[in-house]
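Enquirer: how would this look folded up:
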Amino acid sequence: MELLILVIGLMFATVIVAGIGERTHLPWPILLSLFTGALILIPTAPEMHIKPEIILPIFLPPLLWALARKTSWGMFAARWRTILGYSVLLVIVTIIAAAWTLTALIPGIALSAAIAIGAAVAPPDPVAVEAVAEPVGMPRRIVGMLQTEGLFNDAVALVAFQTALLATSSGSDLAFGELTLKFFYTAFAAVLIGLVAGWFGALVSSWLNDSVSRNALSLVIPFAVYIGAELIHASGVIAVVIAAVQMSSSIGSATPEDRITSSAFWDVLELLMTGLAFGLIGIELRGIIDNAGSRLGEMFMHGMVVALVVIAVRSVWMIVAWRVNKVRSTPATPRGGREALVLAWSGMRGLVTLALALSVPFDFPHRAEFTVIAVTVLLFTMVLPGLTLPLLMKKLRVEGVHDEAATRRLLARAKKAALDSLKQSSSEVSPEILKSLKLRYRATAAMSTEFKTLSPEEQEKLAIRRRELRRVEDRAMHAAVDELLKARGERGTDPHVADMILGEVDKLMLGSEVKVSVRELRPLTPLFKETPPAP
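Expert: Residues are numbered from 1 along each chain as shown. Just a heads-up that it's a prediction; the model follows:
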């Protein structure tokens, strides 16, 4: 019952704190972590613990799915250097630097134990990036790079962590050759599982008849894929990401209702799950402080040193990446020194770091110090950057403006597809019908009066003509949607921009208000404005 009360309380707090964050322009997940941490530190507050072995399987699958479904194969192809350079190489370098620092700080610590701690604090968390970067107005190009990095870097860290943990508990030496082979196996097996699961999910989704069932399927698959991959010692993180991209790329028969309800469903789920995850970070602070005992200050100082090291490593890496991009004259991110600083300050640790720190066995050497160091790094890389990112971006004049050029290009493609469809259907609607309807539907009052004065036979003919036009127009709108879906998967297209336009077009097709200029995609819309209902 206490756990149920905790979950309900955190979800309610998530909604309230999200509203506060929106009004104050501060990242609400960080506010929630600080809020729950402050409550748990009250002496009379009950102490609660969540079993560490269920943290990742409960929170990671849906949150990773919610992020990965917004990406595409084309985006991965365009950002393969980001995946290799940041999700793999940067994580490895960070693990080595953190482990070396820990061996210098803690006398007698085994190398394998130091690598386990380094692996826990190395990967920036995609959930933290998604929850913090976009609300502060960060440019889409930078947010997209951070999201791509965060979707894959956990795999390297988890393999290194599990191998180092096994070596520490068994007392054996850490075999780097075995570690490399294990990583390639976990990655290859995860990709295979993800592709099969995504293809099968798309097949089942096309067989289902209603949006509710399709949304339910999209919620079940991430958990099944994650657990299935972990059972064969593959990477559940990679498997979920690949399955999400494959399934979203394979579904071609989705209706506007499907896309709108799915987007709303996952937005709500992502909000609540993110709130629970960040609330959990605050809740666990009390137990970590209690376990540290009198050495809390010393452990905290060690954690600060490690935090400074991981921030320094990321900063140097981003500056080098900027200089390399400048020398090669590539449009890759970062494109300047200011962007490099923003990316360096955006390496936020989060749920994975906390879960790994809490998952170590009780007989693990330096367990208390492990957890304090991990949480200290988490706080310094998540809370401090999250609260200061808006100021930093303002001082550096890194503006998060929307890419209007990309929007215009996609709109132009969609409009051309719609007009081409109308040209092909021109034989179905005669010019006389178009001219007649334009004259009849010009003014609201005259239209309504004239329609009522028509004979039943004339009203029926008018209704038939209107239905003919509506059918042709719907065909044109679907041609525009198909073109947007095609563009979404192409290399060089930001899926976020395509999804935004698709969402507005879907609303337009369903008769709802739209926020962007997509009304021009309905060339015949003026004919139906203020039109009385057909008899």
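Enquirer: ok, now how distant is L111 from T381?
Expert: 24 Å (CB to CB, to the nearest Å). The way it works is simple: take the backbone N, C-alpha and C, and place the C-beta from them, glycine included.
Enquirer: before we move on, what SS does R349 have?
Expert: coil (DSSP: H, G, I helix; E, B strand; the rest coil).
Enquirer: okay, now it: neighbour count?
Expert: A total of 25 residues lie near R349 under the criterion other CB atoms under 10 Å.
Enquirer: quick one: contacts of stretch 244-262?
Expert: 64-65, 68-69, 71-73, 76, 194-195, 197-199, 201-203, 205-206, 211-212, 214-215, 218, 221-222, 481, 485, 489, 502-503, 505-507, 509-510 (CB atoms under 8 Å, 6 or more residues apart in numbering).
Enquirer: returning to that earlier point: neighbour-wise, which of L111 and T381 wins?
Expert: Counted by other CB under 10 Å, L111 and T381 do not tie: T381 has more neighbours, with 25 against 16.
Enquirer: Next, the contact list for the more buried one, please.
Expert: 124, 307, 310-311, 347-349.
Enquirer: Would you format those as a markdown table with pLDDT included?
Expert: What follows is these, written out as a markdown table (pLDDT from 0 to 100):
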| residue | pLDDT |
| --- | --- |
| P124 | 89 |
| A307 | 94 |
| V310 | 95 |
| I311 | 94 |
| G347 | 87 |
| M348 | 87 |
| R349 | 87 |
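Enquirer: Of these, which is the nearest to L56?
Expert: Using CB to CB, R349 comes nearest to L56 of the contacts of T381, at 14.5 Å.
Enquirer: Surely the closest one touches I373?
Expert: No: taking CB atoms under 8 Å as the definition, R349 is not a contact partner of I373, at 11.4 Å.
Enquirer: For the two, list the residues in contact with both.
Expert: Contacts common to R349 and I373, judged by CB under 8 Å, 6+ apart, are V121.
Enquirer: now the host helix or strand of V472: mean pLDDT?
Expert: Using DSSP states H and E, V472 maps to helix 456-488. Average pLDDT, helix 456-488: 77.
Enquirer: lowest confidence element among the helices and strands of the protein?
Expert: helix 525-528 (a mean of 44; mean pLDDT, DSSP states H and E).
Enquirer: hang on, the earlier thing: what's the PyMOL syntax to select whichever of the contacts of stretch 244-262 are buried?
Expert: In PyMOL syntax, the buried subset of the contacts of stretch 244-262 is picked out as below (16 or more other CB atoms under 10 Å):
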select buried, resi 64+65+68+69+71+72+73+76+194+195+197+198+201+202+205+211+214+215+218+221+222+481+485+489+502+503+505+506+507+509
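Enquirer: Out of the contacts of stretch 244-262, which sit inside helices?
Expert: Assignment to helices by DSSP state H places the following of those there: 64-65, 68, 73, 76, 194-195, 197-199, 201-203, 205-206, 211-212, 214-215, 218, 221-222, 481, 485, 502-503, 505-507, 509.
Enquirer: now the strand or helix carrying L410 against helix 456-488, angle please.
Expert: In this structure, L410 sits in helix 404-424 according to DSSP H and E. Using axes from the mean of the first three to the mean of the last three CA atoms, to 10 degrees, one finds that helix 404-424 and helix 456-488 are set 140 degrees apart in direction.
Enquirer: List the buried residues in helix 404-424.
Expert: Buried residues in helix 404-424 (16+ other CB under 10 Å): 406-407, 410-411, 413-415, 417-418, 421-422.
Enquirer: elements contacting that helix?
Expert: helix 456-488, helix 495-509 (3 or more CB pairs under 8 Å, 6 or more residues apart in numbering; DSSP states H and E).
Enquirer: what mean pLDDT does the last one have?
Expert: For helix 495-509, the mean pLDDT works out to 81.
Enquirer: Which pLDDT value belongs to T24?
Expert: On pLDDT, T24 comes in at 78.
Enquirer: can you list the contacts of T381 in TSV and add distance to L392?
Expert: Below are the contacts of T381 laid out as TSV (distance: CB to CB, whole Å):
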residue	distance to L392
P124	16
A307	17
V310	18
I311	13
G347	13
M348	13
R349	18
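Enquirer: Would you quantify the distance from the most centrally placed residue in the chain to E130?
Expert: Of all residues in the chain, the one closest to the mean position by CA atoms, centre = their mean is L67, 2.3 Å from it. Remark: distance between L67 and E130 (CB to CB) = 6 Å.
Enquirer: tell me, what's touching these two both at once?
Expert: Joint contacts of L67 and E130 (CB under 8 Å, 6+ apart) are 147, 150.
Enquirer: all helices for the stretch 251-400 of the chain, in order.
Expert: With helices called from DSSP state H, counting those that start in this stretch, the stretch 251-400 of the chain shows them at 256-283, 285-292, 296-328, 337-344, 351-359, 367-378, 384-396.
Enquirer: Could you identify which of those helices is most buried?
Expert: Neighbour counts (mean count of other CB atoms under 10 Å) averaged over each of the helices of the stretch 251-400 of the chain peak at helix 351-359, with a mean of 26.
Enquirer: List the contacts of that helix.
Expert: So helix 351-359 is contacted by 50, 52-53, 55-56, 59-60, 63, 119-121, 123, 125, 127-128, 154, 157-158, 161, 277-278, 280-281, 284, 370-371, 374-375, 377-378 (CB under 8 Å, 6+ apart).
Enquirer: Just want the angle from the helix holding V472 to helix 495-509.
Expert: 170 degrees.
Enquirer: shift numbering so it begins at 45
Expert: From this message on, residue numbering opens at 45, which makes the last subject helix 500-532.
Enquirer: what packs against helix 500-532?
Expert: helix 448-468, helix 475-484, helix 539-553, helix 569-572.
Enquirer: please redo it, this time with the cut-off set to 6 Å
Expert: helix 448-468, helix 539-553 (3 or more CB pairs under 6 Å, 6 or more residues apart in numbering; DSSP states H and E).
Enquirer: Setting aside sequence neighbours, what's the nearest residue to E193?
Expert: If you skip the residues right next to it in sequence, E193 has Y130 as its closest partner in space, 4.2 Å away by CB to CB, 6 or more residues apart in numbering.
Enquirer: Just the pLDDT at that neighbour, thanks.
Expert: Predicted confidence (pLDDT) for Y130: 90.
Enquirer: count of neighbours near it?
Expert: Using other CB under 10 Å, Y130 has 26 other residues around it.
Enquirer: if I read this right, it contacts L195, doesn't it?
Expert: No: using CB atoms under 6 Å, Y130 makes no contact with L195, being 10.7 Å away.
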